Every structure is written in structure tokens, then in C-alpha cells.
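> Predicted model follows, preceded by the sequence.
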Amino acid sequence: MNKTLFAFGLVCALPAVGGDPVLSPAPNPTSAIAEAEAAAKKTSAVGFLWRDTEKLITEAKKALTSSDPGSALTLAQRAKSQAERGYEQYERSQKH
């Protein structure tokens, strides 16, 4: 019975024959930079912005203007992640 349920689950998870699977849109480096800037601003306001976050945002902008969207996206995502982790540190510090 477990094998039957497993097989049924696999069939249901597959896209319909001949149909295109629904794909999420490709990440946009410009949007990623804007998100990183917003996260950095929020974290900076509470004094927990990490040392390199703004530098990463600046490098992401340079990469975008240098026609290197892949690097721009990666740098912006790293900056956003750092800003979010800095804000998490702030929140944890407020609980103690």
C-alpha cells in the first residue's frame, strides 16, 4: 500500500503530459539590489548592520553597470542575507 501511495504522489507531482511546468520568474538583479538596500536600511536603523553589507551593495551596483548581472545578483543576495542576519541578531539581543 505504501508503494502505491508513493507512486500516486509522484504521478500527481509531475506536470501534465505536454504541458509546461510553471516556472518562477528569474531573479532580477535590480530588484535584488533594492531589497538589499531596504534590508540594510532597516538593520542600520537599529545599529546592527554588518561591516561589509554596504560594500557588497556598492559592488553589486558596479557589477550591474558593468553588464555582469550574475555577479550583481549574487552580491545583492549576499548583502540582503547579511542585513537580515544582522537584524536577527538585534532581535535576539532584545530578548535578553
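In hand now; what should we look at?
> Please make it C-alpha for all contacts and neighbour counts, starting now.
Will do.
> So for the spatially most central residue of the chain, what's the nearest residue that isn't a sequence neighbour?
Closest residue to the average C-alpha location of the chain: residue 77 at 5.0 Å, with Cα atoms, centre = their mean. In space, and not counting its chain neighbours, residue 77 is closest to residue 32: 6.4 Å by Cα to Cα, 6 or more residues apart in numbering.
> Looks like that neighbour contacts residue 71 (just checking).
No: with contact taken as Cα atoms under 8 Å, residue 32 and residue 71 are classed as non-touching, separated by 11.4 Å.
> Of those two, give the one with the bigger neighbour count.
residue 32 (22 against 18; other Cα atoms under 10 Å).
> quick one: contacts for the more buried one?
73, 76-77, 80 (Cα atoms under 8 Å, 6 or more residues apart in numbering).
> What of residue 69?
29, 63.
> any idea how far it is from residue 29?
Distance of residue 69 to residue 29, computed by Cα to Cα, to the nearest Å: 6 Å.
> just residue 62 next, same as before
Counting by Cα to Cα, the gap from residue 62 to residue 29 is 12 Å.
> still on that earlier bit, now do the strand or helix carrying the residue nearest to the centre of the chain: distance to the chain's middle.
Counting by DSSP states H and E, the element that carries residue 77 is helix 69-95. Helix 69-95 has its C-alpha centroid displaced from the chain centroid by 9 Å (Cα atoms, centre = their mean, to the nearest Å).
> Just the buried positions in it, please.
By 16 or more other Cα atoms under 10 Å, the buried positions in helix 69-95 come out as 69, 71-87, 90.
> anything in contact with each of residue 62 and residue 29?
Common neighbours of residue 62 and residue 29 (Cα under 8 Å, 6+ apart) are residue 72.
> Looking at these two, which one has more neighbours?
Taking neighbours as other Cα under 10 Å, residue 62 and residue 29 compare with residue 29 leading, 23 against 15.
> Surely that one is in contact with residue 76?
Yes: between residue 29 and residue 76 there is a contact under Cα under 8 Å: 7.2 Å.
> who touches stretch 43-52?
So stretch 43-52 is in contact with 40, 79, 82-84, 86-87, 89-90, going by Cα under 8 Å, 6+ apart.
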